[in-house]
Structure formats: structure tokens, C-alpha cells
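Chemist: Next come a sequence and a model predicted from it.
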Amino acid sequence: MKKVFIETYGCQMNEYDTELVKSILTQHDYGITPHEADADVVMLNTCSVRDNANRKIYNRVHEIRHGRTSPVLIGVLGCMATNFKTALLENKRLGIDFIAGPDSYKQLPTLISDVENFGEKQFDVTLSEFETYSDVSPNRSDSVNAWIAIMRGCNNFCTFCVVPYTRGRERSRSPENIVEEVKKLVADGFTQVSLLGQNVNSYRHEETDFTDLMRVVSDVPGVKRIRFTSPHPKDFPRKLLQLMAERDNICKQIHLPLQAGNTRVLDKMNRTYSKEEFLDLVTEIREIMPDVSLSTDIIVGFPTETDAEFEDTLDVVNQVRFDMAFMFKYSERPNTLAARRLKDDVPETEKTRRIVTLTDAQRLIFLEKNRALIGKTMTVLIEDSATKKSSTDVKGRTDCNRIVILPQGDYDKGDYVQVLITDATSSVLIGEKGLLSAS
Ligand code: 5AD
Ligand code: SF4
């Protein structure tokens, strides 16, 4: 039996796709190994969203090719495959044997055997309007949270983003198929599911929209926590807010990518909402769910963004007080509208200054918000038996997705524990099993 080692880069969708690839390969009599050195085939599931990624992959391919004494086939999967296509194979120094885009994973067994049988490089980077992998059950590596991709692709064409080009058009799985998967997961012992899509508000299957889907998933007996990511602020469904407020098993947590706080920059990004519309949406969300936890993505230094316009982003951050934020310097992606039409004209030093300013502001906010939870008792789902730093602590998450560290005790992975929060940093809560009236 040939053994395959897969390394994953980038977003949660890529992590999920790797689970699909493992499932497809094991059905075709390949073994999966956690050790690169044992593998006959090494695959890198790649990302193209920001720079560095490409260079990192070229270095990895070089390292794998030259670090081996036995022969190995090397394949590149994911967004770099659809982004660079056969140029990746033509680069002789790299020595990549096959490439497969995000919609071609069912072809992997054929691609590998064709490389072996014909001694020629193979590729399939076709994007599909239909492939949802609804017939493939992912080979899940986590036993506490199950990711479920409910839709794939994106039609939004934000001008900075390469995803619509690398992952193609939107398509959604049927609600029946998703509910079936959720029921199987519950039977396998999962109590938390996270619905995943590049753009979940766009989920639509015949008459079923995203809120309808959330309702039927929430109705499945045994599901204790449902999360979803990512919605788009331009058309966040108001009826979903009502449903979230009504249902105990839908986590009061929303990832709401802001990207920029200035309306002119948002327009240049093709985000189709203004600063005021974003702030109004946040107000509405908090009116319906006062304790909701909000996270976001922000890009600094988008082409033509002035210092004064960046101040609008800082202003939104200070007004909203997000519970978590992922912040990025703009990096030009080939083919995108921004790359074709706008010069990457914000100097690197200025991008750095803006990201540092934002990070400092956010760190203070995180610390204040986390410290406000000291003394509260919260329900924590235990995820890991021990943290990397300590073999005596365990890690879990609250409903609002905050990480909690607590001492090992009479609880295990997958258990829900009432935890008294005793301390906090800007990134984690520290707690102990609820000694005070946990209920
Ligand atoms: N440059 C910087 N950040 C980007 N993102 C997407 N494309 C780019 C880019 N070209 C960020 C966005 C998105 C997150 C997944 O990555 O904030 O929400
Ligand atoms: Fe990219 Fe915008 Fe689609 Fe998100 S919504 S994947 S940022 S194009």
C-alpha cells in the first residue's frame, strides 16, 4: 500500500479539503501517514490568499525533493494549483509531479497512477459549477468539533481577493444531505458542528436559504453547539439574528469581516456596504443579542488608502470593540481587480505602522473584555487534554469562542464543564472547575 503525507496551509476550507482528500485516497487503497519521511507521495494543500505563501511552498518542495534518499512523488493541491496552473509543472527546478485544484480531488488517485504509469507530469485544475463533495465523508482529525462545508466558491469578487478565481463559483449542498451528515456526526459522538462556506449568507439550495438551513441543523437532536463562518456584512440575514437569539444550541458568536472602516476604501474593495451600514448592523446584532461575541478580518494599506482613511478603520475598531480580530497588510494578488487597476502604493513602512496601531488598540480591548469575565462561571467545551505549554492544563472554548485554560481534572475531551474564570490575558481566559454555584 502506497503511503501519502499531506501538509495543509491557509484557511479552514483547506483544512476541511485535506480531510476530504484523505477520505478519497483511503477509499482507493492509499494509506495516510503522519510522517513525511515514510511517504511515497507528499501533497501540499496550498493557499494563495496572501503573499509569503508561494515562497513558502517553493522552499518546502525544494526541501522535500532534496531531503530524501528514496523516491517520492510531490503534488500541489489547492489555490496555488488553480492560480498558477501548469506554470508550476513547467518549473523544472521545482520538480512538482502533479497538481490538482480544489474541485479536482476525486481525480487524485488517477493523477497519481498516471504519473507512475506514464512517467509524465499530470494536472487537473478545472473548476466546477457543481462539485460539492456531498458524497464524500471527510476523514476527520478532530473528535470534538466537526467542520461541514455547506457551500463552496464565491461570487463576490472583492477586488483584493483571489478566492473567486482559485475556487470558482458558488454552489451549495442540499439541506437534506447536510442534516444527514449532522445526524451521523451526533451518532459518532460529536456535539459541536461548524458550518463552513466562503460566504455562508449566499447559501441557497432551491427554496432553502442559510437561515432555513441553520434552523433544520439546530433541530437535530444531540447538537449542542452550532457555529458558522463566514457571513458577509452586506446582506447578513436579519431573520438569522432572531433564530440565533431563540436557539440555545446556536453559539452567540459572529465572524463579521470588516476589511476597512472607510466608505471610499470599502467601495474600492467592492464590499458594497458603508462604514455607517456596518456600524448599524453591529448595533442591530447587539440589540438582539447583547452578549454576542464579534470577530473580524481587517486589511490595512489597501491601494490608495490614506492615513485619514485608515483612522476610520481605527474608529470602527474602537466603536465596535471586537472580541477577536485578524489583521493583514494588503498584499497584491495576481489577476484580482485591485492588482489590475490599482497600484500597490501604500509603503510597507506605513502598512506596518497601521497594523501595529490597530494591534495595540485591539490588544487593550481584548484585555479589558476578557478581564470583565473574571468571576463569571461559563460553560466550556473541553477540546484538548493538554496544552502545548503544559501537560497539566487542558484547553476548551466558551460558547462565545474564547479559549479557556484550566487544570486537568475529572473531565475529558468533548465534555462540557462549568468553569469559574479566575484570570485573563488579552488572548485567553484562565479558570477552574466551577466551585461557585455552577449550573
Ligand atoms: N491582502 C491581504 N489580506 C487579504 N485577505 C484576502 N485577500 C487579501 C489580500 N490580497 C484577507 C481578508 C480575508 C481574509 C481571509 O484574508 O481579510 O477576510
Ligand atoms: Fe474573497 Fe470577498 Fe469572496 Fe470573501 S467574500 S472569499 S473576501 S471575494
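Modeler: Structure received. Ligands and ions are numbered 1, 2, ... in the order given.
Chemist: Going by C-alpha atoms from here, please, whenever you check contacts or count neighbours.
Modeler: OK.
Chemist: residues in the protein within reach of ligand 1, list them.
Modeler: With the criterion set to C-alpha under 6 Å from any ligand atom, the chain comes near ligand 1 through 49-50, 160-161, 257, 259, 297-299, 328-333.
Chemist: Closest one of the residues you listed to ligand 2?
Modeler: Cys161 (4.5 Å; C-alpha to the nearest ligand atom).
Chemist: Spatially nearest residue to that closest one, not counting backbone neighbours?
Modeler: Thr336 (6.3 Å; C-alpha to C-alpha, 6 or more residues apart in numbering).
Chemist: The one you found touches Asn156, doesn't it?
Modeler: No: using C-alpha atoms under 8 Å as the test, Thr336 is too far from Asn156 to be in contact (11.9 Å).
Chemist: sorry, back to before: how many neighbouring residues does the residue nearest to Cys161 have?
Modeler: 18 (other C-alpha atoms under 10 Å).
Chemist: for this protein, which spans come out with low pLDDT?
Modeler: The chain contains residues with pLDDT under 70 at 386-390, 435-439.
Chemist: From the contact counts, what lies against the longest helix anywhere in it?
Modeler: Longest helix in the chain, counting residues (DSSP state H): helix 348-371. The helices and strands touching helix 348-371, judged by 3 or more C-alpha pairs under 8 Å, 6 or more residues apart in numbering; DSSP states H and E, are strand 293-300, helix 307-320, strand 324-329, strand 416-424.
Chemist: dump the residue contacts of the closest residue to Arg402 other than its chain neighbours.
Modeler: In space, Arg402 comes closest to Val428 once its chain neighbours are excluded; the distance is 6.8 Å by C-alpha to C-alpha, 6+ apart. Applying C-alpha atoms under 8 Å, 6 or more residues apart in numbering to Val428 gives the contacts Asn370, Arg402, Ile403, Val404, Ile405.
Chemist: what's the distance between Val428 and ligand 2?
Modeler: 27 Å (C-alpha to the nearest ligand atom, to the nearest Å).
Chemist: residue furthest from the geometric center of this structure?
Modeler: For the chain, the largest distance from the centre (C-alpha atoms, centre = their mean) belongs to Phe118, which lies 37.1 Å off.
Chemist: before we move on, the earlier item: among the residues of the chain next to ligand 1, which ones are buried?
Modeler: Buried residues within the residues of the chain next to ligand 1, counting neighbours by 16 or more other C-alpha atoms under 10 Å: 49-50, 160-161, 257, 259, 298-299, 328-333.
Chemist: still on that earlier bit, reformat the helices and strands packed on helix 348-371 as CSV; add distance to Val41.
Modeler: Output for the helices and strands packed on helix 348-371, formatted as CSV (distance: least, C-alpha to C-alpha, whole Å):
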stretch, distance to Val41
strand 293-300, 35
helix 307-320, 45
strand 324-329, 33
strand 416-424, 40
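Chemist: just to revisit the earlier point, now, which of the residues of the chain next to ligand 1 sits nearest Ile112?
Modeler: Using C-alpha to C-alpha, Val49 comes nearest to Ile112 of the residues of the chain next to ligand 1, at 26.6 Å.
Chemist: what's the domain layout of the protein?
Modeler: What automatic domain parsing lists as the domains of the chain is 3-124, 145-371, 377-436.
Chemist: Throw those domains into CSV and include distance to Asp135, thanks.
Modeler: Output for the domains of the chain, formatted as CSV (distance: least, C-alpha to C-alpha, whole Å):
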stretch, distance to Asp135
domain 3-124, 10
domain 145-371, 9
domain 377-436, 27
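Chemist: Of all those domains, which one is nearest Val136?
Modeler: That would be domain 3-124 among the domains of the chain, by C-alpha to C-alpha, at 6.6 Å.
Chemist: Next, the distance between the ends of the closest one.
Modeler: 21 Å (C-alpha to C-alpha, to the nearest Å).
Chemist: list the contacts for the closest residue to Asp29 other than its chain neighbours?
Modeler: Computed as C-alpha to C-alpha, 6+ apart, the closest residue to Asp29 that is not its neighbour in sequence is Met1, at 6.6 Å. Met1 makes contact with Asp29, Tyr30, Gly31, according to C-alpha under 8 Å, 6+ apart.
Chemist: Secondary structure and distance to Leu358 for the residues you listed - can I get that in JSON lines?
Modeler: Listed next are the contacts of Met1 as JSON lines, based on DSSP: H, G, I helix; E, B strand; the rest coil; distance: C-alpha to C-alpha, whole Å:
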{"residue": "Asp29", "secondary structure": "coil", "distance to Leu358": "49"}
{"residue": "Tyr30", "secondary structure": "coil", "distance to Leu358": "47"}
{"residue": "Gly31", "secondary structure": "strand", "distance to Leu358": "45"}
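Chemist: Which of the residues you listed ranks first by neighbour count?
Modeler: Neighbour counts for these (other C-alpha under 10 Å) peak at Tyr30, which has 18 neighbours.
Chemist: Tell me how far the closest residue in space to it that isn't next to it in sequence lies from Asp17.
Modeler: Closest residue to Tyr30 apart from its sequence neighbours, by C-alpha to C-alpha, 6+ apart: Lys2 at 5.3 Å. Distance of Lys2 to Asp17, given as C-alpha to C-alpha: 20 Å.
Chemist: For those two, indicate the residue with more neighbours.
Modeler: A count of neighbours by other C-alpha under 10 Å puts Asp17 above the other of Lys2 and Asp17, at 22 against 12.
Chemist: Going along the chain from the host helix or strand of that one, find the next helix or strand for me.
Modeler: Following DSSP states H and E, one finds Asp17 within helix 12-27. Next in sequence after helix 12-27, counting helices and strands by DSSP H and E, comes strand 31-32.
Chemist: Packing partners of that next one?
Modeler: Taking 3+ C-alpha pairs under 8 Å, 6+ apart as the contact cut, strand 31-32 packs with strand 3-8, helix 12-27.
Chemist: Does the longest one reach ligand 2?
Modeler: Looking back up the chat, that one is helix 12-27. No: if you take C-alpha under 6 Å from any ligand atom as the test, helix 12-27 misses ligand 2, and the best it gets is 10.8 Å.
Chemist: No further questions, thank you.
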